[in-house]
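Undergrad: Sequence and predicted model, in that order:
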There are 6 protein chains.
Amino acid sequence: MEHRYPYPLLNPPRFRWNRPDPLPEDLSVHHWIETLSEADREPVDWSEVDVTLLGVPLSRSSISASGASETPDALRRAWKGFATYNLEEEVDLNALRVVDLGDVKQHVTDIAVCHRNITEAMVAMRTHHPHTLPFTMGGDHSITAMLIKGWKKAHPEERIGLLQLDTHFDLRSLEADGPTNGTPVRNLIESGTLRGEDVWNIGLHGFFNARSLKTYADQAGIRYVTLKKARKQGVDATIREAIAALSQQVDTIYLTVDMDVLDMGLAPGAPAATPGGMRTEELFEAVRIAGTYPKVQAMDLVCLDPLRDVREASVKAGVHVMLSFLTGLVQRKG
Amino acid sequence: MEHRYPYPLLNPPRFRWNRPDPLPEDLSVHHWIETLSEADREPVDWSEVDVTLLGVPLSRSSISASGASETPDALRRAWKGFATYNLEEEVDLNALRVVDLGDVKQHVTDIAVCHRNITEAMVAMRTHHPHTLPFTMGGDHSITAMLIKGWKKAHPEERIGLLQLDTHFDLRSLEADGPTNGTPVRNLIESGTLRGEDVWNIGLHGFFNARSLKTYADQAGIRYVTLKKARKQGVDATIREAIAALSQQVDTIYLTVDMDVLDMGLAPGAPAATPGGMRTEELFEAVRIAGTYPKVQAMDLVCLDPLRDVREASVKAGVHVMLSFLTGLVQRKG
Amino acid sequence: MEHRYPYPLLNPPRFRWNRPDPLPEDLSVHHWIETLSEADREPVDWSEVDVTLLGVPLSRSSISASGASETPDALRRAWKGFATYNLEEEVDLNALRVVDLGDVKQHVTDIAVCHRNITEAMVAMRTHHPHTLPFTMGGDHSITAMLIKGWKKAHPEERIGLLQLDTHFDLRSLEADGPTNGTPVRNLIESGTLRGEDVWNIGLHGFFNARSLKTYADQAGIRYVTLKKARKQGVDATIREAIAALSQQVDTIYLTVDMDVLDMGLAPGAPAATPGGMRTEELFEAVRIAGTYPKVQAMDLVCLDPLRDVREASVKAGVHVMLSFLTGLVQRKG
Amino acid sequence: MEHRYPYPLLNPPRFRWNRPDPLPEDLSVHHWIETLSEADREPVDWSEVDVTLLGVPLSRSSISASGASETPDALRRAWKGFATYNLEEEVDLNALRVVDLGDVKQHVTDIAVCHRNITEAMVAMRTHHPHTLPFTMGGDHSITAMLIKGWKKAHPEERIGLLQLDTHFDLRSLEADGPTNGTPVRNLIESGTLRGEDVWNIGLHGFFNARSLKTYADQAGIRYVTLKKARKQGVDATIREAIAALSQQVDTIYLTVDMDVLDMGLAPGAPAATPGGMRTEELFEAVRIAGTYPKVQAMDLVCLDPLRDVREASVKAGVHVMLSFLTGLVQRKG
Amino acid sequence: MEHRYPYPLLNPPRFRWNRPDPLPEDLSVHHWIETLSEADREPVDWSEVDVTLLGVPLSRSSISASGASETPDALRRAWKGFATYNLEEEVDLNALRVVDLGDVKQHVTDIAVCHRNITEAMVAMRTHHPHTLPFTMGGDHSITAMLIKGWKKAHPEERIGLLQLDTHFDLRSLEADGPTNGTPVRNLIESGTLRGEDVWNIGLHGFFNARSLKTYADQAGIRYVTLKKARKQGVDATIREAIAALSQQVDTIYLTVDMDVLDMGLAPGAPAATPGGMRTEELFEAVRIAGTYPKVQAMDLVCLDPLRDVREASVKAGVHVMLSFLTGLVQRKG
Amino acid sequence: MEHRYPYPLLNPPRFRWNRPDPLPEDLSVHHWIETLSEADREPVDWSEVDVTLLGVPLSRSSISASGASETPDALRRAWKGFATYNLEEEVDLNALRVVDLGDVKQHVTDIAVCHRNITEAMVAMRTHHPHTLPFTMGGDHSITAMLIKGWKKAHPEERIGLLQLDTHFDLRSLEADGPTNGTPVRNLIESGTLRGEDVWNIGLHGFFNARSLKTYADQAGIRYVTLKKARKQGVDATIREAIAALSQQVDTIYLTVDMDVLDMGLAPGAPAATPGGMRTEELFEAVRIAGTYPKVQAMDLVCLDPLRDVREASVKAGVHVMLSFLTGLVQRKG
C-alpha cells in the first residue's frame, strides 16, 4: 500500500468538485471520480484502484494552433452532466474506482521537457500501481508516442499493440519538425517501440493523408481500415476483428482515440475533424467494445480543442467516449 | 357552434402573420394556420377544426436554466419557412384546419398557478371542442403532467397511455423539488392519472438516467426501449410496436416529444440533448407514424430553448416534428 | 469565535480551486479567496474575515428567461484570470480576508421558498459575523429585496439606504406577478424596509422604463440620475454626491449593481443591457469609489446570464466589478 | 380624409403584433405603432398621423453581399423590447401617431424595378398625406437616392438638403455598376436632385474612402466633418452647426443614417462598420437633435444586416436610433 | 494550342497560393490546382487540361438574402486543408490537370448582364477547349440555367440531361420574379434547352416544395426520387440508376449539386438546408459515382453561403464534394 | 541594389493578391502592398522601399493556448477591406513603398529554433536594407525580445528604447518557463539589450499584473502610465511625452503594440484583452502619433488570435493599427 503521492512530475487537478458526504446512491460522474488530492489525505490502497486518469495539457507540439491543452480541465468540468449509470448496457460505472491524478507538468518553451515528463509520468504510474489502467486526457497526438514509450520503458519485455481511431495515419516524418502531433505512430515504429504490424488504424477517410504516408504504412505492415470499409462490415465488427488479430500478436493493446475521427458537424471542437467522419454513436460503441477486451490496458483521448467548441458538444462527446470505454471495462470484469 | 372565445386562461398569440386574401393554392404554413384572434372575429365552427395549437411559455419549472418559454413564439416565427405540402408522403396539410389558440397565462413567481392554468386550459379545450386534437408547444417537460391531468379531469373514464420520445425517464421524485421537468411521468403515475404499464418511452440512451430511475421504471411496469435497441429493429418498427401494444390497453394515447432525444449536433438548442442521440429523420418518421394511429389524440413538444439555438436548426426541427405529426393525421383521416 | 458552519440554508461551493501550499507572494484571485469547506475544517475566526461571498443561483423569478442562476459558479471559474493586485490603485486585495460561503439553497418549483431562504441566509450572516461585509453574487434582481429584508430583520433599528446602478427603476407593481426582478425597489418601499428618499439610482437611460414608473419614483421621493446627466458631471462625481447625500440620512448603504447598466456591446451576457449603456471603466470606478465609503456595508451584483455571454466578456466584467469594489474597501481601511 | 389604402406598390407588414384593447397607459413600442392593415379596416384620418414607416427590403443592390433586406422585419420584431417613454428626455412618444405602411414591393431579378417602386412609393406618400413625416427602414444605401428623387418628384419646387451620418462618402461613380449602395449621393447630385453644397456628411473616418471621392466631394462643394473633428467640438454641436447651415439654404432636410457609422464592436450587424466608429450614445443624441429641427422632414436608416448581428445588438441600436429621432420630433412639436 | 487568355468575361482569381518550386511529391490541393494567371504567363496547352474551374460570384438573384457570391473565394481558401490523395479510393487527384480560370464578371445592379456573362463564359469555354470538363463554383442556383444554356449554345446538336441533387424542385414560374434561384429547371425546360424527361432530381424531402411544383414536375415528365426513397435502395444505387437511365436518352449529363440538399446540422452555411437532409458521406459518394460515368461532362455546386457558416464546416463539405467528383473522374479515366 | 532574395530564414507569403496592371489611382491596401515573390522576379531597389513587413507565425511560446500564429495571414486577408487613403489625416499611404517579405520559418517542436530564426531575420533585414523600417506581424509577445535582440546585434552601438502599449508589464521571470510571451521586457533588460529606464509602458490597467512585477519595474526604472492616468492627460499627450523623453535618451525607439491593451468588447480576438481597456480610436491615434517621430524605427503588433475573433473585429483593428502607424510615417516624411 502506497502512502505518499509518488508523482513529482504531476500537478494535482487545479480544481475539484465538492463531494457530498455520504455519497448518494445515484451518483453523478463528478462525485464519483476521486481526485488525487483527496486520495492523498488518506493513504490510497492502489490495489483497489481500477483506473487512473492523467491530464496532459500539451498542445504546443501541434502542427496547427490548438487549444487541446485545455481539454483535461474541460472534461473535468463536463463530468458534472453525466450519471454513472449506462442504461443501454445496464452497467453502473461505480463498480470501478477511478482516481484523477492531475496533470503532467509542462514547460512553456521547452517541448522536449514536456515530452520527457509525459514518458516519465507513465513510467512512474506503471511502477507504482501497475494494476491500474491509465486513461490519459490529452493534449495533442504527439503525447501518445511519449506515453507508449513510458509503458515500454516500464515493461520492456512486453510487445505492445496500438489500436487507433483516427482520420489520419500520424505517420509523418520526424525529420523536419520533430515529434509533432502528425508523427506519433512513425515515432513509435522508428524508435522500435512498436512493430508496424502491431498497429491497427480504423476510421481513416477523405483527403487528409498524403499518398506517401499510405506507402509508408504499407511498407511498415500497418493494418488500416478506412471508414467506408469499416462501415460496410460494421464499425463494431471491425473493432472486434482488429482486437482479435492484435490479441494474437501482442501482450498489451493501447487504444488511442483522436477525436478528429468524428464528423465535424458533431465535433466542431476537434479542429482537424472533417465532413463525412464517424458518428458519435459509432465511436461510443467502438470504445465500449474495446473496453471489454482484457488485453486493452491503456487508453488516451486527444486532439480536442475546447476553445473552438460549440455548446460543449465535442467536450461532452469526449466525456462520453471515456465513460463508454469504462463501461466496457466493467463488462470485462464481469 | 361556439361563438365566444371560451378561454379566460389564454392570451391570444402575441403576433400573427398577415394572410393574403384570397389564400393562394400553394400555401405556406404561416398562412395556413389560423390564429385565434382572427377566428374570434367571426364565430368559429369548432366542428370544422381538426387541431388546436396551444403555447405554454413556461420554463421556470426547469431544473436547469432554460429559455423553453420562448419556444411557442419561435415556432410561430419559423412556420414561415415551410410549405404545407409534404412531397415525400404526397400529403397536403391543408386538408386539416388548424387554429392557434395562443398561450396559457403564466405567473412569474408562482409556478403552482402556472401549472394549474395549464391543467384548466386543457380541461376547457376538452370541454369546448372535444373533437379537435390538441397540440401543445412547450415549455419544459413539467407541463406534460399538467396537460394529461387536464385531459383526465375532462375525461375521467378514459384510460390514457403515454408514448414518450426522450433521452430521459422523467421519473424523478417530486419530494425535494416539486413538479419539475424531471418528474412528469412519475407525477402522472403517483397521482393515479396513468398506470406504469401504459407508458412507453423510446429513445433513452447514454449516461443520463440514474440507476434508481430504471429500478423505479421496472417496478412501475413502464415499457422502454433504448435508442440502440430501437435502431436495431428500426425506430419506425419500434413506434408501431409501442402503439399497437398501447392500443390494446388504453383509450387514448398522448404523445410527448422531448426535443432532447435528438443528437446535440443536430439540435444544439435542446439544452439537454447529448451526443449520440436520435437523428432528425428518425424522429420525423416516428411522429408521422404515430399521427396515423387513431388512438393518438394529443401531442406536445417540449424542452427546446431557442435562446441557445444555432441558426434556428433546433426550432426548425421542432416545426418539422409538428408538421410530420400532422402529416400522419392527414393520412389517418384518409 | 465560531467553530461550526452556521448555515443550514447554504450549500458549500460546488467546486473549489486547489490552493498551493504555501501560497506564493503573487496571488491569483482563485487562490486568494477561501471557500467555506476549507474554512470549515479548521474553525474560522470570523473576526478576521473582512468579506463573505454568497451565491444566489436564482433566476426563475426573472420576467424574461434568464440563466443568471449560473452566475455564481461562472464568477468562481473566472476568478482564475485575475491577480489580487490593482496596479492603477496600487492596492493589493490580499490585505482582505475573503471567504466564499457557497450558495443559498434554492427550490426548483417554489420561488417563495427560494426568497425566504435568501432572507434567512442574510439574517444568519448578520447574526453570526456582523462585522464581515457580505457580497452577494446573484441571481436576478428580485434577490436584492430579499437580502435587504434580511438585513433589516437582523438590524431593525438601522435606516438603510440603497445605491443602485441600473438601466431600470425596478419599481414595477408586485400585484400581477409577485416579487419578480422588476420589483425589488418597490418591494422594499412598500414593505417599509426602505424609504423612497433613501434610494439613489444612477445610470438609467433609454426607452426601458414606463412613464408610470417615473411617476411612482417621483412620488416616492426616489433620487435618480440618468446616465446622460451623470456623464455630464462625471459618473464618479455623481456617485460621490449620492453617497454623501445618503450618508447624511441613513445608517447603512447597500450597493446593488444590475449588470444591465452596461452597454450591451460590452456586456453581451447581461440580457437586459441595451445600446448606449455605461462603459465598463465607468462602472469599475463607480463601485471602487463606493467601496471607499464606510457606510457602504453590503453589495450585490445581479442579472448577468453567463449562458448568453460572448467569450466570457460579461462574466469577466462581473469579476472586475467585484474586485473594484474590494479595492475601494482596502482603501477605506487604508 | 383618405379612406382607401392608396399604395399599390406596397405590401402590408408581413406580421403584426396583437394590440391589447384597450391599450394600457404604459405602452410598449410594438403596441403603440399601428400597422397599415389595422388602419385599413377603419378609414385613416391621415391628418392625425405624424409619422409613416416604410420598409424597403432591398439589398441586392449592395456591392457586398448583404442581408439588409431583413432589416424592416427585424426592427418590427425588436420594437417589443422598448417602452415609448424616454426617461432621459422625459418625453413620451405616444404624443405621436405612427403608422407602419409596410414594405415597398421588390423584384427579385430586376433591380431597376425595385428602385422605381421606391421612388413611386415616396411620390405616393407625399401626394396622399404630405403632412406626415416618412421614416424609411432600409435596405441598402442605394435606396436613399430613390427616396429623395421621389420627394423631389412630388415637390419639384423644393430645395432639398441632405444630412448624412456615415463612414463613407457614397460618392462612387455610377458608370461601372449602376446605382449601388456606394453611389446615392453622387446619384442625387448628378441627377440634379441635390446640389453638392446642400450635402453635409458627418462621421467619416478611417481608411474607407478613396482619395478620388474626397476630390469629388471637394469639387462638388460637399461639406463633411470627420468623426475625429466632430468629436473635438462635440458630435452634438456638429449636428447643430450642420442643420443651422443647411436650414439657411434649403427648404427640406432629409436625414440619412448609415448604420456603418457605428463602431463595429457596438454594431456587429452593420457589415461595413469599422473599428473606431461612432459610439451608440453619440448617434442617438445626434438624431434626437436632428429631430428637433423643423426643416428635417424625412429620415432613413440603412445598411444594417440582421443576419450577421450578435445578440441583436445592432438591430436594437437601430430601433434606438429611430426612437431617438422620434423623441426629437416630440420635442419639436413642443 | 491556345496562347492568349481567351476570356474577356472573366476576372482571374483575386488571390493565388504561392506554389513551391519544385512541387513536392505529396501535394496539397492548393498547390496542385493551377490558377489562370500562372497559366497565362506561359501558353497553356489546353489539350493537357482535364478540368477548368469557374467561379460565379452571383447571389443577388437569390430569393432570400444570400452570401453565395463569397463561395468561390471561400472554396479557394479552404483548398489548403486537403491533400490530393483519396485514401478510401486509393486515387491521387494529381492524375488530373486542373486550372482555375477565375470568376465571371458580374454587374452589381443589372442581373441580366450577370446572367448573360455566365452563358457567354460557358460558350467561350466550350469553344476554346471543348475537351476540358467545366466545374463551376456558384453562386446561387439561377446560374445553372445560364450555364446549361451556354453549353446548348455551343453544342446545339446535343441532347442534355440534368442530374440534380437538391432539396427543391427549382421549378418555380419565372413570371413574377424572373430567373431566380427557384427557377433554373423550369427555365431550362420552358426555353427548350432541356426536356422534362431528361431531368432527374434526387434528394427532395420535407415541406419545402409546393404541391403545384410537383404537379408541374409530373406533367413535364421529370424524374425525381425523394431522400427517403433514395435511402431505401441506397443513395448510391439511386444515382447509378439515374445515370444509367439518362445515359440511354441524352448525349451529355450535367450534374448540379445544391448544397442545401445536406442536413442543416452538417451544413449550417447552406441557408436553405433543412433538418433531415442528406448526410455528407452520402453526398460525397453520390458525386464520386457520378464522376465515373463518361456522359457526365459538367458540374456545378451552388447555394452555399460562407458568411453564415460555422467553423467552415459547409465550405469544407463543398471542397470535399468537388474533390469527390474529381476522384470519380480519375477512376473514369482509369 | 540587391538582386537576390536575401532571406534563407523566411518563407514568402503563402498567398498573394493579384494586382491589377496597371494599378488604378484609387488603391486598396491589398493591391498596394507588394509581396516578396513579385519583388523577387525583378530585382528590388531596396533604397526605394520604405517599410518591410515580416510575419512571425509563432504562438507556441504563449503561456495560454493561442492562435496568434494565424495573425500574419489574417492581416494579409483583411487588407482587402481598406483603402490607402486616410481621410481624417488627408494622407495617402501610397506615398510609401511597402514590401511584404513573408514569414520567418518556424519549427514545430523546437521553440529555441523559432526564436533564433526571428533574431537572425531581423539581423538580415538590418544588414541588407537598413534604411527600411521593419513592421512585424506577430505572433505572441515573446517575439519582441528576439526582434530587438536582432536589431541590437545588427547595431550594437545603438541605445534602444522601447515604447510599449500593453495591459501587462511582460516582466515575468524567465527562470521557470523560459522566454514566454510574459517575459520579453525582462528578457531584454536582463540580457543587457535595453536599460530599464529606456522602457515606457502605456495602458496598463486592472488586475492583470502581480505586485512583484510592479516592484521589478520600479527597481529597473521602467516608466509606466496606467490607462486611467493616461486618459486623464489624454492618451495622445502621454504618447508624446513618452517619445519626447525617450528621444532624449536613446538612438532608436521600438514600438510594440500588444493588442490585449484594447477593451475586450472591441477586440474579442485578443485573448488577454480585458474589460475596461483602451478604445480602438485611442490606440489608432497613439500609433499614428508615434509614427510621426523620426526615432521610432521599428514596430510590432502581437497577441491577436484570429481563431477567436468575432466577425474579424480584432483583425480589422490590427490592420487599422498598422495603417495608422504608416499614416504617421507619411506625415513624418511629409
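TA: Arrived safely, thanks for sending.

Undergrad: So which bits of stretch A:322-334 are buried?
TA: A:Met322, A:Leu323, A:Ser324, A:Phe325, A:Leu326, A:Thr327, A:Gly328, A:Leu329, A:Val330, A:Gln331 (16 or more other C-beta atoms under 10 Å in any protein chain shown). Placement of C-beta: from N, CA and C, glycine included.

Undergrad: Tell me which other helices or strands the helix or strand encompassing A:Asp73 touches.
TA: Taking DSSP states H and E as the criterion, A:Asp73 maps to helix A:71-78. Judged by 3 or more C-beta pairs under 8 Å, 6 or more residues apart in numbering or on different chains; DSSP states H and E, helix A:71-78 is in contact with strand A:51-55, strand A:133-137, helix A:313-333.

Undergrad: Kindly reformat these as a markdown table containing mean pLDDT.
TA: Output for these, formatted as a markdown table (pLDDT from 0 to 100):
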| stretch | mean pLDDT |
| --- | --- |
| strand A:51-55 | 98 |
| strand A:133-137 | 98 |
| helix A:313-333 | 98 |
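
Undergrad: was I right about A:Gly328 contacting A:Phe284?
TA: No. Look at A:Gly328 against A:Phe284 with C-beta atoms under 8 Å: they stay out of range, at 10.2 Å.

Undergrad: How about stretch A:158-167, which residues are buried there?
TA: Neighbour-count burial for stretch A:158-167 flags A:Ile160, A:Gly161, A:Leu162, A:Leu163, A:Gln164, A:Leu165, A:Asp166, A:Thr167 (criterion: 16+ other C-beta under 10 Å).

Undergrad: Over that stretch, what's the mean pLDDT, rounded is fine.
TA: Mean pLDDT, computed over stretch A:158-167, is 98.

Undergrad: could I have that stretch exported to CSV, CA atoms only?
TA: Output in CSV follows, covering the C-alpha atoms of stretch A:158-167 (Å, rounded to 0.1, in the frame of the first residue of the first chain):
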residue,chain,number,x,y,z
GLU,A,158,6.0,-6.6,-23.4
ARG,A,159,5.0,-6.5,-27.1
ILE,A,160,2.6,-3.6,-27.4
GLY,A,161,-0.1,-3.2,-30.0
LEU,A,162,-1.8,0.0,-31.0
LEU,A,163,-5.5,0.4,-31.8
GLN,A,164,-6.0,3.8,-33.3
LEU,A,165,-9.3,5.5,-34.2
ASP,A,166,-8.3,8.4,-36.4
THR,A,167,-8.8,10.4,-39.6
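
Undergrad: now check that stretch, is it near chain B?
TA: No. Using C-beta under 8 Å from any C-beta of the partner chain, stretch A:158-167 stays clear of chain B, coming no nearer than 15.1 Å.

Undergrad: when you scan that stretch, is anything in it near chain E?
TA: No. Using C-beta under 8 Å from any C-beta, stretch A:158-167 never reaches chain E; the gap is at least 9.7 Å.

Undergrad: How about stretch A:213-225?
TA: Yes. Using C-beta under 8 Å from any C-beta, stretch A:213-225 reaches chain E at A:Leu213, A:Lys214.

Undergrad: any residues touching that stretch, and which ones?
TA: Here stretch A:213-225 makes contact (C-beta atoms under 8 Å, 6 or more residues apart in numbering or on different chains) with A:169, A:171-172, A:185-186, A:189, A:195-197, A:199-204, A:238, A:242, A:245, E:26, E:85, E:87, E:90.

Undergrad: Could I have the ChimeraX command that selects the buried members from those?
TA: To isolate the buried subset of the contacts of stretch A:213-225 in ChimeraX, counting by 16+ other C-beta under 10 Å, use the following:
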select /A:169,171,172,185,186,189,195,196,197,199,200,201,202,203,204,238,242 /E:26,85,87
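
Undergrad: The contacts of stretch A:213-225 also near chain F: which ones?
TA: Among the contacts of stretch A:213-225, no residue sits close to chain F (C-beta under 8 Å from any C-beta).

Undergrad: Sort out which of the contacts of stretch A:213-225 are in strands and list them.
TA: A:Val199, A:Trp200, A:Asn201, A:Ile202, A:Gly203, A:Leu204, E:Tyr85 (DSSP state E).

Undergrad: And the furthest pair within the residues you listed?
TA: Farthest pair in the ones in strands among the contacts of stretch A:213-225 (C-beta to C-beta) is A:Trp200 and E:Tyr85. Separation: 20.6 Å.

Undergrad: What residue, apart from its backbone neighbours, is nearest A:Tyr85 spatially?
TA: B:Arg211 (4.2 Å; C-beta to C-beta, 6 or more residues apart in numbering or on different chains).

Undergrad: The one you found: neighbour count?
TA: By other C-beta atoms under 10 Å in any protein chain shown, 19 other residues sit near B:Arg211.

Undergrad: Fine, thanks again, bye for now.
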